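task: produce atomic coordinates for the following.
(one chain, ligands or ions: 2)
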Amino acid sequence: MANPSLLILAGDGIGPEVMAEVKRIIAWMGQKRGVHFDVSEDLVGGAAYDVHGVPLADATMAKAQASDAVLLGAVGGPKYDKLDFSVKPERGLLRLRKEMDLFSNLRPAQCFDALADFSSLKKEVVAGLDIVIVRELTSGVYFGEPRGIFKEGNERVGINTQRYTESEIARVAKSAFELARKRSNKVCSMEKANVMESGILWREVVQEVHDRDYPDVELSHMYADNGAMQLVRWPKQFDVIVTDNLFGDVLSDCAAMLTGSLGMLPSASLGAPMANGRPKALYEPVHGSAPDIAGQGKANPIACILSFAMALRYSFDLGDEATRVEKAVEKVLADGVRTADLMGPDGGTPVTTTQMGDAVLAALDASL
Ligand code: IPM
Ligand code: MG
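Residues are numbered from 1 along each chain as shown. Ligands and ions are numbered 1, 2, ... in the order given. Okay, here's the model as predicted:
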């Protein structure tokens, strides 16, 4: 049987640096675990714009569609700030999400014991935290029409449209309920039903899906602003949070800081099953391209490494190997290996991106 195919799109800024460490782990999986992938690489974001004049070439889009999974680093950077909106690096990522129809974005926020002191919140608030935000990823205000900057009288008006159909809400709700069943069986749905019609519909549909197919799952609803407050007040009250594209974007950055650093958070963006039964899937760290530290070997590769672990679990049914990678990361952190983003108030000497990769590989070796 052919090896599963993996398309790597390292992108911009720290993307290529953190992805370099993932490539070493992929190689390790082949050498030490007999887990082989057909890996190919291509360009996305500013890197693609520099070569093709667009942030995602059609040929790359086609490759992504044909791959068993896509691993993405990060996109964007100040060099591209002045580009026309339609060719900005971010549009490459949004095109991948939209055309692959990756409607369910899982963003786990887990606080490793060794990092409980690093969060800006009190240790008891975050220690042992293990929640997942399920963010709707292909609709809502990110894609709704009409959109644009228009002339109205003698001034301009900027317009974006929050739009959700019942089926779009139902399918992401379903994925949140399915996930909750494998965890602590609790879903909290967040919207702004107090001010937005799309929020009213969201709440109704989530409740309907629950009552019809998932009555065993504990469901609650919360306004998203209250949700943001509750996330920093007492995040351990949550198990799975399901929310729309924009609220999910904001709430997941907030949840990331609960874990100590944005450099720790992986994500999986999943779509409908393909012919081979695997979901269409793209895996990427939640952090961005961090242009301020790019090229300096300072970036933390853990979020990208853990994104690969999610690929092992969700695309390739290799939950044991995923756990092996996660445990290796946990061990490295417990041993006190820290990149610059994980330096506590008392300082210390940070390791480089490559040294963090070395440490994870050593911990993987030790796991054999
Ligand atoms: C994210 C990012 C993206 C988003 C950007 C880079 C387009 O912030 O994945 O959270 O807004 O979705
Ligand atoms: Mg974001």
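
ok, the closest residue to ligand 1 within the chain - contacts?
For the chain, the residue closest to ligand 1 is residue 90, as judged by C-beta to the nearest ligand atom, at 3.9 Å. Placement of C-beta: from N, CA and C, glycine included. Shown in contact with residue 90 (C-beta atoms under 8 Å, 6 or more residues apart in numbering): 45, 55, 75-76.

how about the residues you listed in a markdown table, adding neighbour count, distance to ligand 1 and secondary structure?
Below are the contacts of residue 90 laid out as a markdown table (neighbours: other C-beta atoms under 10 Å; distance: C-beta to the nearest ligand atom, whole Å; DSSP: H, G, I helix; E, B strand; the rest coil):
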| residue | neighbour count | distance to ligand 1 | secondary structure |
| --- | --- | --- | --- |
| 45 | 29 | 9 | coil |
| 55 | 31 | 11 | coil |
| 75 | 31 | 6 | coil |
| 76 | 23 | 6 | coil |
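
how would you label the residue of the chain closest to ligand 1: helix, strand or coil?
helix (DSSP: H, G, I helix; E, B strand; the rest coil).

how far away is the most centrally placed residue in the chain from residue 137?
Closest to where the C-alpha atoms of the chain average out (C-alpha atoms, centre = their mean) is residue 267, at 2.6 Å. Distance, residue 267 to residue 137, using C-beta to C-beta, to the nearest Å: 9 Å.

which neighbours do these two share?
residue 105.

would you map the helices across the stretch 1-150 of the chain?
15-33, 46-52, 58-66, 89-99, 123-126 (DSSP state H, counting those that start in this stretch).

right, so of the ones you listed, which gets closest to residue 295?
Set against residue 295 and scored by C-beta to C-beta, these come closest in helix 15-33, at 7.4 Å.

domain-wise, how is this structure divided?
Here the domain parsing of the chain from automatic domain parsing is 1-112+261-368, 130-258.

redo those domains as TSV? Include mean pLDDT.
Output for the domains of the chain, formatted as TSV (pLDDT from 0 to 100):
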stretch	mean pLDDT
domain 1-112+261-368	95
domain 130-258	97
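
quick one: the residue nearest to the centre of the chain and residue 106 touch, right?
Yes. Residue 267 lies in contact with residue 106 (C-beta atoms under 8 Å); the separation is 6.3 Å.

give me every residue in this protein lying close to ligand 1.
Contact residues (C-beta under 6 Å from any ligand atom) of the chain with ligand 1: 76, 90, 93, 249, 286, 288.

returning to that earlier point: what's near enough to touch the residue nearest to the centre of the chain?
Applying C-beta under 8 Å, 6+ apart to residue 267 gives the contacts 105-108, 252, 283-286, 307, 310.

which of the residues of the chain next to ligand 1 lies closest to residue 34?
residue 286 (30.6 Å).

ok, and the closest non-adjacent residue to that closest one?
Among residues not flanking residue 286 along the chain, residue 265 sits closest, at 3.9 Å (C-beta to C-beta, 6 or more residues apart in numbering).

contacting residues for the one you found?
So residue 265 contacts 107-109, 252, 255-256, 259, 285-287, 303, 306 (C-beta under 8 Å, 6+ apart).

and what of residue 349?
Applying C-beta under 8 Å, 6+ apart, we find residue 349 in contact with no residue.

does it sit in a helix, a strand or a coil?
For residue 349, the assignment made with three-state DSSP gives coil.

hang on, the earlier thing: kindly present the domains of the chain as TSV, with separate columns for distance to residue 123.
Converted to TSV, the domains of the chain look like this (distance: least, C-beta to C-beta, whole Å):
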stretch	distance to residue 123
domain 1-112+261-368	9
domain 130-258	11
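
what about the strands in the stretch 251-368 of the chain?
Ranges of strands in the stretch 251-368 of the chain, per DSSP state E, counting those that start in this stretch, are 266-273, 279-285.

list of residues touching stretch 199-217?
Stretch 199-217 has contacts (C-beta under 8 Å, 6+ apart) with 164, 166, 169-170, 173-174, 177, 180-181, 185-187, 189, 191-193, 219, 221, 242, 244.

please flag which of these sit within strands.
Those of the contacts of stretch 199-217 mapping onto strands are 186-187, 189, 191, 219, 221, 242, per DSSP state E.

hmm, residue 302 is touching residue 262, no?
No. Contact criterion C-beta under 8 Å: residue 302 and residue 262 do not qualify, at 10.7 Å.

more neighbours: these two, which one.
More crowded of residue 302 and residue 262, by other C-beta atoms under 10 Å: residue 302, with 28 against 18.

quick one, what contacts the more buried one?
Residue 302 sits next to 263-264, 329, 339, 356, 360 when contact means C-beta under 8 Å, 6+ apart.

can the residues you listed go into CSV with extra columns for neighbour count?
What follows is these, written out as CSV (neighbours: other C-beta atoms under 10 Å):
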residue, neighbour count
263, 25
264, 29
329, 24
339, 22
356, 27
360, 25
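
mind listing what's buried in stretch 192-204?
192-193, 198-199, 201-203 (16 or more other C-beta atoms under 10 Å).

quick check: the farthest pair among those residues?
Greatest spatial distance among these (C-beta to C-beta): 192 and 201, at 11.8 Å.

relative to residue 296, which of the buried residues of stretch 192-204 is nearest.
Set against residue 296, the nearest of the buried residues of stretch 192-204 by C-beta to C-beta is residue 192 (40.2 Å).
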